[in-house]
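> Structure for the following, please:
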Amino acid sequence: MKFWRAGTRAVIALSILVTGAAGVTAARAEAQTPGEVLQAGVAKARSDNNLPGVIGMVRDGDAVEYAHAGWGDMFMRVPADPKAQFRIGSNTKQFTSTVLLQLEAEHKLSLDDTVDRWLPGVVNKNGNDGKKITIRQLLNHTSRLPDYISDTAFRNEYIADLNNGKHWDPQKLVDIATSNPPLGKFAYSNTNYILAGMVIKAVTGNDPATEVKNRIIDPLGLKNTTFPTDDPKLYGNWLHGYEWVRDISFSNVSAFGPAGAIVSTMDDLADFDRALFSGRLLPPAQQQELETVGGFTNYALGVGRVDTKKCGEVFTHTGEVLGYASTWISSADGRRQVVVAQNEYHVSLVTDNEPGVTAQWETAVDAYCATGQ
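As a prediction, this is how the structure comes out:
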C-alpha cells in the first residue's frame with residue numbers, strides 16, 4: 001500500500017502481490033521449515049533494503065516460529081525483538097470494520113445505511129455527498145472520497161512531527177478531504193475510516209478506541225495491544241521506529257485514529273486474525289460480508305483477498321506510518337498466520353516501491369507457503 005492511501009500499500013500492494021513472489025531465492029530454497037524460510041527472508045529483506053531491523057513470525061496451528069534481523073534500537077545496538085510492540089498503521093482498519101460488523105449483527109445499524117443517516121451534514125462539500133455514500137462503501141473504499149493525507153499542508157505537518165501531541169479532530173480531517181471534489185474512480189482513502197470511526201461514536205456514544213478495546217482487545221486478551229487517541233509515546237518493550245536515521249518512535253496518533261493508530265505485536269495481530277477468520281468475532285452473515293470483495297481491486301471490508309500464485313488465496317493487509325511498516329497474511333480458516341514488520345519507513349519520499357514493503361510481502365508469502373506441507 002502506498003502510505004498516502006492508507007498506511008496500507010495501496011490495497012495491499014495488490015498489483016505487486018500477485019506477481020512479486022513468483023520465485024523463492026536461493027537462500028530460501030535451501031531452508032526447510034517455515035521458520036527457516038522466514039529467517040532467510042527477514043535477513044534478506046533487511047540487508048537488501050538497508051533497514052535497521054526486521055522481525056517476523058509464522059504460525060501453523062499451535063506451531064509458532066519467530067525470526068529477527070538487525071536492531072530494535074539502532075543507536076544502542078539492541079537486537080530487534082520479535083515480541084516487541086510497533087505501530088501497525090492501516091492494519092488498524094480491520095479492527096474498525098469488525099466493530100461496525102458487530103454493530104450490524106446487533107441490529108444497531110446496517111452497512112447499507114448512508115453516512116448522512118448517522119452523520120448528518122458531515123460530508124456535504126464540493127460534490128461529496130454523505131446522502132449517496134453507505135457505510136459499506138466506506139469500508140471497501142468505493143466512496144470516491146478524497147484522502148486527507150494527500151493534502152500537502154497536512155502531510156508536511158505530520159512528517160515534520162514537531163507537535164506530535166496535537167489533537168486532530170475527525171471533522172477537521174474530513175473537511176480537509178472534502179475541500180476537493182470526489183475522486184474520479186474508486187481509490188483507497190483514509191478518510192473512509194475516519195468517517196467509519198465517527199459512525200461508531202454516533203451509534204454507541206463511545207469513541208472507536210473504547211469500542212475496539214471493549215469488543216476485541218479485552219475479550220481476546222491482547223495484552224500488548226493499545227489504541228492510543230492522543231498520547232504519542234510508546235511504553236514497555238517496543239521497536240524504535242526510524243525515518244531514515246531519525247528516531248520517530250513518538251509520533252502523532254490522532255491524525256489516523258480508526259484508520260491507523262493501533263500499537264500491537266506480531267503475536268497479538270496473529271491472535272486477532274485467527275479469531276477473526278475462524279469466526280469467533282462475527283456471526284456467519286457478517287463474516288461473509290467481511291470477506292466479500294467490493295468494487296475496489298481485491299479489497300473486502302478492511303481486509304484484502306489475494307491469490308498468492310504459489311499456494312492459493314489468502315487474506316492480508318499492510319500498514320505504514322512514520323517509522324514502521326508491517327504485513328500480515330492469514331488463511332481463510334484462521335489456522336495459519338504470518339506477520340512481518342520493519343522499523344524504518346520514510347514517508348517523506350513515498351514512491352510506489354517503499355524500501356522493504358515489497359520484500360515483506362515476498363517473505364510472508366514464502367513462509368506462509370512453507371506451512372501445511
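> all helices of the stretch 201-350 of the chain, in order?
Remark: helices assigned in the stretch 201-350 of the chain by DSSP state H, counting those that start in this stretch are 208-212, 266-277, 284-291.
> What helices and strands are in contact with the shortest one?
Using 3 or more C-beta pairs under 8 Å, 6 or more residues apart in numbering; DSSP states H and E as the contact criterion, the neighbours of helix 208-212 among helices and strands are helix 93-105, helix 190-204. The way it works is simple: take the backbone N, C-alpha and C, and place the C-beta from them, glycine included.
> Now that helix: average pLDDT?
For helix 208-212, mean pLDDT is 99.
> List the buried residues for that helix?
P208, A209, E211, V212 (16 or more other C-beta atoms under 10 Å).
> for the last one, same thing?
When burial is assessed from 16+ other C-beta under 10 Å, helix 284-291 yields the following buried residues: Q286, Q287, E289, L290, E291.
> what's the third one in contact with, if anything?
By that I understand E289. E289 makes contact with L101, E104, L111, R136, L301 under the criterion C-beta atoms under 8 Å, 6 or more residues apart in numbering.
> Out of those, who's the most crowded?
When neighbours are counted by other C-beta atoms under 10 Å, L301 leads those with 26 neighbours.
> Contact partners for the residue nearest to A202 when sequence neighbours are not counted?
Using C-beta to C-beta, 6 or more residues apart in numbering and skipping residues adjacent in sequence, the residue nearest A202 is W118, 4.4 Å away. By C-beta under 8 Å, 6+ apart, the contact set of W118 is L109, I135, M198, V199, A202, V203.
> Can you tell me how far the last one is from N156?
When you say that, I think you mean V203. Distance of V203 to N156, computed by C-beta to C-beta, to the nearest Å: 34 Å.
> In terms of neighbours, single out the busier of those two.
Set V203 next to N156 and count neighbours by other C-beta under 10 Å: V203 wins out with 19 against 10.
> didn't the more buried one look like it was pressed against K108?
Yes - counting by C-beta atoms under 8 Å, V203 touches K108, with 5.4 Å between them.
> correct me, but Y345 touches G241?
Yes - Y345 lies in contact with G241 (C-beta under 8 Å); the separation is 7.3 Å.
> Check the contact lists of those two and give me the overlap.
Counting by C-beta under 8 Å, 6+ apart, the residues touching both Y345 and G241 are L322, G323, Y324.
> what's the neighbour count on the first one?
For L322, the count of nearby residues is 26 (other C-beta under 10 Å).
> which residues touch it?
By C-beta under 8 Å, 6+ apart, the residues touching L322 are R87, Y158, I159, D161, G241, E243, I248, S251, Y345, V347.
> Among those residues, name the ones in strands.
Using DSSP state E, the members of these that fall in strands are R87, E243.
> Identify the farthest-apart pair in the contacts of L322.
Of all pairs drawn from those, the widest gap by C-beta to C-beta lies between R87 and I159 and measures 14.8 Å.
> Below-threshold pLDDT in the stretch 201-350 of the chain: ranges please.
Along the stretch 201-350 of the chain, the model assigns pLDDT under 70 to residues 347-350.
> rewinding a little: which of the contacts of W118 sits closest to N180?
M198 (18.9 Å).
> my read: that closest one touches P170, true?
Yes - in this structure, M198 is within contact of P170 by C-beta under 8 Å, at 5.3 Å.
> if we can go back for a sec, and the buried residues of helix 208-212, which is closest to T316?
T316 has its nearest neighbour among the buried residues of helix 208-212 in V212, at 20.3 Å by C-beta to C-beta.
> Test my guess that that closest one contacts S97.
No - the pair V212 / S97 is not scored as a contact, 10.8 Å apart, by C-beta under 8 Å.
> Have a look at R87 and I159 and say which one is more surrounded.
Comparing R87 with I159 by other C-beta under 10 Å, the one with more neighbours is R87, at 33 against 17.
> Bridge partners for the more buried one, pull those for me.
As for beta bridges, R87 partners with V263 under DSSP bridges.
> give the contact list for it.
Neighbour list for R87: L234, G241, S251, A261, I262, V263, G319, V321, L322, G323, Y324 [criterion: C-beta under 8 Å, 6+ apart].
> got TSV for those, with distance to S179 too?
Below are those laid out as TSV (distance: C-beta to C-beta, whole Å):
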residue	distance to S179
L234	33
G241	30
S251	24
A261	23
I262	28
V263	30
G319	26
V321	23
L322	24
G323	28
Y324	29
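> Using neighbour counts, trim the residues you listed to the buried set.
So, of the contacts of R87, L234, G241, S251, A261, I262, V263, G319, V321, L322, G323, Y324 end up buried under the neighbour-count rule (16+ other C-beta under 10 Å).
> Report the two of these separated the most.
Using C-beta to C-beta, the buried ones among the contacts of R87 span at most 15.5 Å, a distance reached by L234 and G319.
> neighbours of L51, just the number please.
Counted by other C-beta under 10 Å, the residues lying close to L51 total 24.
> so what pLDDT did the residue lying closest to I262 once chain neighbours are set aside get?
If the residues on either side of it in the chain are set aside, I262 comes closest to T92, at 4.3 Å by C-beta to C-beta, 6+ apart. What the model reports for T92 is a pLDDT of 99.
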